[in-house]
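Undergrad: Structure, please.
(one chain, ligands or ions: 1)
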Amino acid sequence: MASPSSGQRPFLRPCWVEVHLAALQRNLHYIKTRLSPHTAILAVVKANGYGHGALAVAQAALQAGAHFLGVSSLEEGIALREGGVTAPILILGSLYPYEVLPLLWKHRLSPTVASLAMAEALNRLSQERRQRIPVHVKIDSGFGRIGVSIAHALSTLRRIHALPGLKLEGLYTHLAAAESDPAYTREQLTAFAQVVQAFQALRWAGRWIHAANSAALFQYPESHWTLVRPGLAMYGIQPFVGRPTPEPFGTTPEPLGTPALPLEPVLTWKTQVVFVKQLPAGNSLSYGRSFTTTRQSRIATIPVGYADGYPWQLSNVGQVLIQGRRVPVVGRVTMDMTMVDVTDLGHCEVGEEVVLVGTQGAERLTAEEVAARAGTISYDLLCGIAHRVPRLVTGMGGGLGG
Ligand SMILES: Cc1ncc(COP(=O)(O)O)c(C=O)c1O
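TA: Numbering: from 1, shown residues only. Down below sits the predicted model:
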């Protein structure tokens, strides 16, 4: 994607994220090739679409054929409705306090029911309103977060199914380690399948049965059922490539390996050099003086810091791309600014484009690598990109937009 020139940009500080929706749609098309025609897609757009911008991602995903959207909270669902989204939306999180529940009817949002108490609270409201509500019941097959336990699944499902105010249209579970632990994943899938089959034997005929996140959908066809819930893969992140360990600058980075799947990263995070200076050897930099120049150095300052979601943990271990080359972060990342050592570039001026996550020329810094350098995971890095960093969306009808 060509970067907007400063005259075209709807923001004043040069630190922005570019979101390439055509890539997201190609990722969804690829995901579809891995599914049977009977399996639909629930696009997971929670946490502001993993930092990409929930509304734009939701619209692109629906246009590419997703049937459902998944959010984490009422607020996220309401924001999509207010943005004009009419498709079914499932709230994947647990709703509390129960006083918020009437908003489900108002905005036509489907809740996850993770307990009998929640089901009964919804049933009372449904009866008052004389309007049934579609729900998905979550079974905890071994994640240990929310959901009806496997041991009580069948008895609880029977009681929920008997509640006249609820339309039990979905049954689902979430996998704890689909990217890394086949034995445990199979145990979870088997336990869930037994519940589904036993419940179907009791004449439950709900339409939606789901278990697969990104890592599962590519590896466990038995996890597909009638709906899959990709997040990461839709955003072009490899769901099960080994995480590279952070390397000190100057050593060869651990190879990421050939990407296992033909997925394209959707997000590029960019900034520009705003200040350049020459420093002699022996000069310390930034808070805590954790870096001292060992040679005559050229140090550039970029306007991004931990308040933008650029991890503080990248202090002295991060890398950025300038002129298609890797350049090290030197000293501590500060709240709004970070220093990089551009001595080896020979020539680097104010205004030079800097890629924090993404591709520049032949060089690439994936979200997976940047996250690993910060000692975290790509989900955390992407969701953490702050609200104050504008998202420039392209790819749907072209042009730049909010
Ligand atoms: C319930 C649920 N389903 C699906 C997903 C999507 O997972 P992934 O991004 O690994 O595809 C998530 C993500 O956190 C989730 O919580």
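
Undergrad: quick one: V44 and M234 touch, right?
TA: Yes: the criterion here is C-beta atoms under 8 Å, and V44 meets it with M234 at 7.3 Å. C-betas here are computed from N, CA, C, even on glycine.

Undergrad: quick one: common contacting residues for those two?
TA: Residues touching both V44 and M234 (C-beta atoms under 8 Å, 6 or more residues apart in numbering): none.

Undergrad: mind listing the helices for the stretch 151-300 of the chain?
TA: Assigned by DSSP state H, counting those that start in this stretch, the helices in the stretch 151-300 of the chain fall at 153-161, 182-201, 214-219.

Undergrad: what's near enough to touch R373?
TA: Taking C-beta under 8 Å, 6+ apart, one finds P246, Q313, L314, V317, G318, Q319 in contact with R373.

Undergrad: same question, L116
TA: Contacts of L116 by C-beta under 8 Å, 6+ apart are V148, T156, R159, I160.

Undergrad: at 10 Å instead, please
TA: V137, V148, H152, S155, T156, L157, R159, I160, L163 (C-beta atoms under 10 Å, 6 or more residues apart in numbering).

Undergrad: Contacts only, for P14.
TA: P14 neighbours (C-beta under 10 Å, 6+ apart): 3, 6, 270-274, 302-304, 351, 353-354.

Undergrad: What separation do you get for T394 and A56?
TA: 10 Å (C-beta to C-beta, to the nearest Å).

Undergrad: Find the one among the helices of the stretch 151-300 of the chain with the highest mean neighbour count.
TA: Ranked by mean neighbour count under mean count of other C-beta atoms under 10 Å, these are led by helix 214-219, which reaches a mean of 23.

Undergrad: and that one, is it in reach of the ligand?
TA: Yes: residues of helix 214-219 are located near the ligand by C-beta under 6 Å from any ligand atom, namely S214, A215.

Undergrad: residue ranges with poor pLDDT in the chain?
TA: 1-3, 7, 241-259, 397-402 (pLDDT under 70).

Undergrad: Run a quick neighbour tally on the closest residue to the ligand within the chain.
TA: Proximity of the chain to the ligand (C-beta to the nearest ligand atom) peaks at G231, 2.6 Å away. Using other C-beta atoms under 10 Å, the number of residues around G231 comes to 21.

Undergrad: In the contacts of L116, find the pair that's most separated.
TA: Taking C-beta to C-beta as the measure, the contacts of L116 span a maximum distance of 16.0 Å, between H152 and L163.

Undergrad: wouldn't I377 be in contact with P311 here?
TA: No: using C-beta atoms under 10 Å, I377 is not in contact with P311, being 11.3 Å away.

Undergrad: on that earlier part again, higher neighbour count, T394 and A56?
TA: Here T394 and A56 are set side by side on neighbour count (other C-beta under 10 Å), and the busier one is A56, at 22 against 19.

Undergrad: What is the distance between the one helix or strand that one maps to and the centre of its chain?
TA: Here A56 sits within helix 54-63, counting by DSSP states H and E. In terms of C-alpha atoms, centre = their mean, to the nearest Å, the centre of helix 54-63 is found 14 Å from the chain centre.

Undergrad: strands paired with the helix or strand following it, and their directions?
TA: Downstream of helix 54-63, the first helix or strand assigned by DSSP H and E is strand 68-71. When pairing is defined by DSSP bridges, strand 68-71 lines up against strand 40-44 (parallel), strand 89-91 (parallel).

Undergrad: Good, wrapping up.
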